[in-house]
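1. Predicted coordinates and the sequence they were generated for:
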Amino acid sequence: MFYYNQYVRAQSLDEAYELYQKKTNFVLGGMLWLKMKNKTLGTAIDLCDLGLEAIEEDENEFRIGAYVSLRQIETHESLNAYTDGAIAEAVRHIVGVQFRNVATVGGSIWGRFGFSDVMTVFRALGAKVRLHHAGIMDLDEFARLPRTTRDILVEVIVPKNVQSVVYLSQRNQSTDFPVLTCAVAKRDGRYVAVIGASPYMAQPVWDEQGILDAADGQELSDEQIEKFADQVSEHIRFGTNMRAGAEYRKIICKVLVKRAVKQAVGKGIA
């Protein structure tokens, strides 16, 4: 059973940040994974009064508040038009609509869960996060921060620099945790594949050798796609848990990367 000693609705980010500096205090998100703990904590810090539940857009980026629900990003027309439905595809298998109405983007990102579909697709999109104290940083940099970091996640920023993006996952059943997640994106002219649920946290593999570069007027060959899939599978660390073995995950990785690249080729995002 999960208990806490005090509940505070923070009236400012400064107040929330100061409260969070005490090790036993914690920030409430959707309270869907946190409540599974078997311990007693200090003060529960609620950010619901701070206006962090909006998605804003301008010509350069999307800004997604930390308290935006997974259902909001699943149904947001502009965000899904920009990503050609990849955002909706990334979250539609997460338990059910009732769950996604409560689970938050901030909680999904802050938790850095190995099984996170959300982390996979946002890393592929080259997202950034804004922390109250540390400021704006790449999501890749945030993922490397110590889990003991005591800061407040304010928003996730998605720059509009993606030419195409595809999200795929493999599950034993539709609403189960994924066996493997895969997002392939073309950003600033170069492809990147992000593999998650390996079962470790999602990791990007860039096409640094230009394997997927195509000559003008020519399509990518099956050999190029196969070579890139092999490169990705060799750079990802796979493990075994109750859902799948490491060798199976490696095989699935190659299949998903090839499928995602083939879907991404020819897609254009305005």
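-> Alright, I've got the coordinates. Residues are numbered from 1 along each chain as shown.
2. what is the residue nearest to V165 when sequence neighbours are not counted paired to in the beta sheet?
-> Sequence neighbours aside, A185 is the residue nearest to V165 in space, at 4.1 Å (criterion: Cβ to Cβ, 6 or more residues apart in numbering). All C-beta spots, glycine's among them, are computed from the backbone N, C-alpha and C. Judged by DSSP bridges, the bridge partners of A185 are V165, V192.
3. who touches A185 in this structure?
-> 124-126, 162, 164-166, 191-192, 194, 264 (Cβ atoms under 8 Å, 6 or more residues apart in numbering).
4. Need the residues you listed in JSON lines (columns: distance to R243, pLDDT and neighbour count).
-> Output for the contacts of A185, formatted as JSON lines (distance: Cβ to Cβ, whole Å; pLDDT from 0 to 100; neighbours: other Cβ atoms under 10 Å):
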{"residue": "A124", "distance to R243": "22", "pLDDT": "98", "neighbour count": "31"}
{"residue": "L125", "distance to R243": "25", "pLDDT": "98", "neighbour count": "29"}
{"residue": "G126", "distance to R243": "28", "pLDDT": "97", "neighbour count": "21"}
{"residue": "V162", "distance to R243": "29", "pLDDT": "94", "neighbour count": "21"}
{"residue": "S164", "distance to R243": "29", "pLDDT": "94", "neighbour count": "21"}
{"residue": "V165", "distance to R243": "25", "pLDDT": "96", "neighbour count": "29"}
{"residue": "V166", "distance to R243": "22", "pLDDT": "97", "neighbour count": "26"}
{"residue": "Y191", "distance to R243": "27", "pLDDT": "95", "neighbour count": "26"}
{"residue": "V192", "distance to R243": "25", "pLDDT": "97", "neighbour count": "22"}
{"residue": "V194", "distance to R243": "19", "pLDDT": "98", "neighbour count": "27"}
{"residue": "A264", "distance to R243": "26", "pLDDT": "91", "neighbour count": "22"}
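5. Export those residues as TSV, with columns for distance to Y4.
-> Converted to TSV, the contacts of A185 look like this (distance: Cβ to Cβ, whole Å):
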residue	distance to Y4
A124	35
L125	34
G126	36
V162	40
S164	44
V165	39
V166	41
Y191	45
V192	40
V194	34
A264	44
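6. Closest one of those to V102?
-> Nearest to V102 among these is L125, at 23.3 Å by Cβ to Cβ.
7. on that earlier part again, so the residue nearest to V165 versus A103, what's the distance?
-> The gap separating A185 from A103 is 23 Å, by Cβ to Cβ, to the nearest Å.
8. residue boundaries of the helices in the stretch 101-250 of the chain?
-> Ranges of helices within the stretch 101-250 of the chain are 105-111, 117-124, 139-143, 222-235, 246-264, based on DSSP state H, counting those that start in this stretch.
9. Please identify the most buried of these.
-> helix 117-124 (a mean of 28; mean count of other Cβ atoms under 10 Å).
10. Surely V158 is in contact with R123?
-> No: counting by Cβ atoms under 8 Å, V158 does not reach R123; the two are 11.1 Å apart.
11. rewinding a little: pipe the helices of the stretch 101-250 of the chain into JSON lines and attach distance to A54 per row.
-> Output for the helices of the stretch 101-250 of the chain, formatted as JSON lines (distance: least, Cβ to Cβ, whole Å):
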{"stretch": "helix 105-111", "distance to A54": "11"}
{"stretch": "helix 117-124", "distance to A54": "17"}
{"stretch": "helix 139-143", "distance to A54": "20"}
{"stretch": "helix 222-235", "distance to A54": "35"}
{"stretch": "helix 246-264", "distance to A54": "30"}
